[in-house]
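Following is a predicted model, sequence given first.
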Amino acid sequence: MDGQSHKPHRQAKKSKDKKKEHTGAPNPKAFTFTNPGKLAKQAARTHDIREKRLHVPLVDRVPDEPAPRLVTIVGPPGVGKTTLLKSLIRRYAKETVSDPVGPITIVTSKKQRLTFVECPNELEAMVDIAKVADIVLLMIDGNYGFEMETMEFLNILAATGMPGNVFGVLTHLDLFRKPQALKDAKKRLKHRLWSELYQGAHLFYLSGVLNGRYPDREIHNLSRFLSVMKNPRPLVWRNSHPYSIIDNYRDVTHPTKIEEDEDCDRSIELSGYLRGTNFAAEGQRIHIAGLGDFTIASMEALPDPCPTPAMEQALAKASGKTGRRRLDEKDKRLYAPMADRSGLKITGDHIVITRENGFAFDKDAEDVERGEGEQLIIDLQGERRLLGQTDHGVKLFASGEEITQVSEEADTGRKSQRRARFAERDEWDDEELPEDEGFVSGDDLDGSDVETEFNEQKLGKMFRKDADKTQDEDIAFADSDSDLGSLSSADEGLDSDDDDDEDLDSDEEGAAVRWKDNMMQRAKMLHGKRQPYRAVDLARFMYDNSLSAKEALQKWRGEDVEEIEEDIEKEEDDTFFRRVGKEGDDDAGEDRYIPKFDYEALAGKWSTEDAIEALRTKFSTANLVDEAEGDEDDEGEDDEDGEDEDDDEGDGAFEDLETGESHGPEEAEYPEATLEAEREKNARRKEELKLRFEEEDREGFKNDKAVARREGGEEEFGEDDWYESQKAMLQKQLDINKSEFESLDETQRASVEGFGAGKYAKIILESVPAEFVNNFRAKIPIIVGGLLATEDRFGYVQVRIKKHRWHKKILKTGDPLIFSLGWRRFQSLPIYSISDSRIRNRMLKYTPEHMHCFGTFYGPLIAPNTGFVCFQSFSSANPGFRISATGTVLSVDESTEIVKKLKLTGTPSKIFKNTAFIKDMFNSPLEIAKFEGAAIKTVSGVRGQIKRALAKPEGHFRATFEDKILLSDIVFLRAWFPIKPHRFYNPATNLIGWQTMRSTGQIRRDEDLATPQLKNSQYRKIERATRRFNPLRVPRALAADLPFKSQIVQTKPQKKETYMQKRAVVLRGEEKKARDLMQKLTTIRKDVVAKRRAKKEEKRVEYKKKTAEIEERLQNKEKRESKAYWEREGKKRKPGDAGGGGGKRRK
């Protein structure tokens, strides 16, 4: 028992106290994929999500203070557009607008504004609104479903550019009586909208109308969604063009011109928020949709009529003024100049007050107390007459007298130029008067207080130094505010005579006018000279057209510019003074194309190598070769480890072998520290050059990554590095542009950069047709689109076009078609073609049914890849789908290459073996000469070639064929004839009335003209004569030599009749009786069958008559039921109401 071995005890487990504590890091084994397929799917999904957010980087042109977002309410008539607009206005602005017309801008949050526009039920307005809308609210009648106008607008959006925010709004849901029917209708319409837009498109539901508005909770949900929406990706067309939607319109034509001619061209003023890119300060070409192309006469930025609270706070912070509550604070929440807000319309600088019953003030009543407002309205009621046509006189002031006539002896004004008057005239001479007295020319406005910089002398006493606060003079009190003069001049310490001061102190009257002493000197010291060499002044002088280059440079340097005043009587215009340069001064023309130089002195200067070397060092790439060579030398020295340091070749040192003497410069012992410092200096210069090149090379052609890609090296960009680097590059360029323009003031910035997006501007146009003013309707939106330089040119535009699948008829070449391309809407005559084996563009008479084709028409040149949409007519009388075709622009060119297939036919006149004379194909030898060598062909397939024309008769030519042809063959030539589109461009000016070009079929239908029937174009029965061919005759010698299998077997006709031909059938007695009996039975049976058929036909007629009566009663019943149904349903929408304001729906 003692030697028994026991199993050793296991060690006890570690206690919980000694257990390793959890570090908090995620456990990698807990989140791994057990299925490799799932891992691959997850990786692919992650990569797809990352790739979907990558787009081609676009320049972000949204300014710091963007224009309000444009929310468009679109839908058929009677669907509730006006009710929704009123509800949204009530929700945001807490105000009720009885007639919401035109763009209405509302402040929705601290930094956001929305502009609501109701799109009328006109195709022209829908096309224009689709080009500028940021947010689209698509109104759909839930009880009726999608209508034609809704589908047309969606297809217009898809062709011209789909904005990122398109939402559906279902209305009239209170007409559903059963919940299940409502649920099914919502589901059906939602999926139908998803199929047109995208899966998951938002659809809002609006039920009944309470007190003329939709329920507050439903409107709150919609408005909340509009407020928190993000900015979508900008469209390419809007990101490269300036545009604006006009919310205020005014006719500023002089009233005298209108009274002289009511149809004269007008001058109009359009106001609105600028969007897109910048409008040019001068000469900006624009297109007003429905009106035409214009050049902006003048443009001016106005204060924002509807600023956000953030903008007001920023303005108050910049100006140092604290905001205060005013009575018109509520007006700033809503800006609707065209809408009627309780009978009050504020448009620009005038107010329009309207009342349904007019004003009941009695103008002729006397001894009636009236308020000031009543008296103003009574004065406005008077008819307007020109000066001199009134019976009463002219009263300039309310408290003045009426002037009926002016005597000839009365003072009619000044006879000479006005001159300044000073306090003590005797002390001044006429020669000492300043040249710029009265600021006559307008060029010396730099002495005014328009752009004053910081001047320590103009500060108040509390901001001055202690030494400047002491004053030895007594304060002179003036009798009036006008005698005080400039506050800064009273504080200036100017030199004056002590004796004169003592005299003035003793004299009370002198003390009153003491401030008038040395007025000219003080004015010159304060405002005579400006600080020279200011960048702001240089930019202003450069863009001043009244200054020459020399004068602008002198004014910028602070030098005095001499001005010569000429006699007023010699001036032809209304100005008093004009600037005249010195005669014979050759140096004054610094802005000439070729400046004048002393060419002999220049030739002598640049003949020396030192001057040329000094000029070469001024260029940025001058020392690149030297730097590269220096780098190679340094590397060579490093590689050789100093082996050539003792080599003195080339330094002028040599040794005389005969005498043993050494000649040349002594060896210079440079310390090693100096050499290292030189190398560090070179390395530093190389690094600076590299950084400078990378800064200047913004497109990345010389940086390391671009070089590596060109040399075929590996891509150094990471997964998202390239996308981020492109975005950073665009943002960096925007920051550079912004920093450059920040140093300029608003006027100079507008002249250089233009009027940027986000500003509220006033645009004045000249030579506008009077029909625009007479036919103006506030419900039609006015879109002003800026044109680029190339869009003013016209030429042939080649497009890829496809007939819309919902359009009923195919399109014919040459028929007029209305294009909506860019900002313009115009009518042109397209020619359709298709690529024929990639060799030529072959003309098509009609568009293909379900495929694209090419189209060429004459119109404005638009950038490629621009979408467009086509219509045959804008009329609402067309019951079908009005969009005819859609497509994109491929290229623009001044010429076209479209050919049409042309077949010329002829017949042979003489045939000799493989040669034939052809007639009836040409008319003259000249035509034949153009087609010499052309390939011809017969209908039977024999090919040939045109050789030469015959002398006589004219039009005949000789041709050769690959085989002998027959006289009955028809020879045809397949040629190509070039086609050019007609230069027809008819702009769609629907705002002033326009007439569309009608097709030939429309003209015949309108004029009731019969279609001409050409004889050769009529379809007729083809009668072909039967051709009889001769039998095949084989010679006997040839037939005898044929093999047995190919021998021709011909059966000879028998001379005697056969048995079957000569036999005769003779009936016997029994057989004759049987045949006779069968004939009689057959006759009886036929008679019975005929009677039975007649009887059935009579019954069938009675049955058809009875069936017709029953069917007629059923049709009448269906008509009555259908009429009653549509009488009930028709109250829901009125076809004649095109305004879009629906009334009450049935309950």
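Received, thanks.

residue contacts, residue 850?
Residue 850 is in contact with residue 805, counting by CB atoms under 8 Å, 6 or more residues apart in numbering. To be clear about C-beta, it is placed using only N, CA and C from the backbone, and glycine gets the same treatment.

so after the strand ranked longest in the chain, what's the next helix or strand?
The longest strand of the chain (DSSP state E) is strand 898-912. Note on strand 898-912: by DSSP states H and E, the next helix or strand toward the C-terminus is strand 915-919.

After that next one, which helix or strand is next?
helix 925-930.

Output that following helix as PDB, nothing but the C-alphas.
Extracted in PDB, the C-alpha atoms of helix 925-930 (Å, rounded to 0.1, in the frame of the first residue of the first chain):
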ATOM      1  CA  PRO A 925     -25.800  66.000-121.800                       C
ATOM      2  CA  LEU A 926     -24.800  68.200-118.900                       C
ATOM      3  CA  GLU A 927     -26.900  66.100-116.500                       C
ATOM      4  CA  ILE A 928     -25.300  62.900-118.000                       C
ATOM      5  CA  ALA A 929     -21.800  64.400-117.500                       C
ATOM      6  CA  LYS A 930     -22.400  64.700-113.800                       C
END
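
hang on, the earlier thing: what is the longest strand of the chain packed up against?
On a contact count with 3 or more CB pairs under 8 Å, 6 or more residues apart in numbering; DSSP states H and E, strand 898-912 meets strand 840-844, strand 915-919, strand 971-979.

Give me the angle between that strand and strand 971-979.
160 degrees (axes from the mean of the first three to the mean of the last three CA atoms, to 10 degrees).

quick one: buried residues of strand 898-912?
898, 899, 900, 904, 906, 908 (16 or more other CB atoms under 10 Å).

what's in contact with stretch 974-981?
For stretch 974-981, contacts defined as CB under 8 Å, 6+ apart pick out 796, 828-831, 840, 842-843, 856-858, 896-904, 931, 934-935, 937.

quick one, helices of the stretch 1-150 of the chain?
Assigned helices in the stretch 1-150 of the chain, in chain order: 36-52, 81-93, 123-132, 148-160 (criterion: DSSP state H, counting those that start in this stretch).

Figure out which of those helices is closest to residue 61.
helix 123-132 (15.0 Å; CB to CB).

can I get the CA coordinates of the closest one in PDB?
What follows is helix 123-132, C-alpha atoms only, in PDB (Å, rounded to 0.1, in the frame of the first residue of the first chain):
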ATOM      1  CA  LEU A 123     -49.300  74.600 -71.500                       C
ATOM      2  CA  GLU A 124     -47.000  77.600 -72.100                       C
ATOM      3  CA  ALA A 125     -47.000  78.400 -68.400                       C
ATOM      4  CA  MET A 126     -46.400  74.800 -67.400                       C
ATOM      5  CA  VAL A 127     -43.400  74.600 -69.800                       C
ATOM      6  CA  ASP A 128     -41.900  77.800 -68.300                       C
ATOM      7  CA  ILE A 129     -42.400  76.900 -64.700                       C
ATOM      8  CA  ALA A 130     -40.800  73.500 -65.200                       C
ATOM      9  CA  LYS A 131     -37.500  75.200 -66.100                       C
ATOM     10  CA  VAL A 132     -37.200  77.200 -62.900                       C
END
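
sorry, back to before: what would the helices of the stretch 1-150 of the chain look like in CSV with mean neighbour count and mean pLDDT?
Compiled in CSV, the helices of the stretch 1-150 of the chain are given as follows (neighbours: other CB atoms under 10 Å; pLDDT from 0 to 100):
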stretch, mean neighbour count, mean pLDDT
helix 36-52, 10, 85
helix 81-93, 22, 90
helix 123-132, 24, 93
helix 148-160, 20, 92
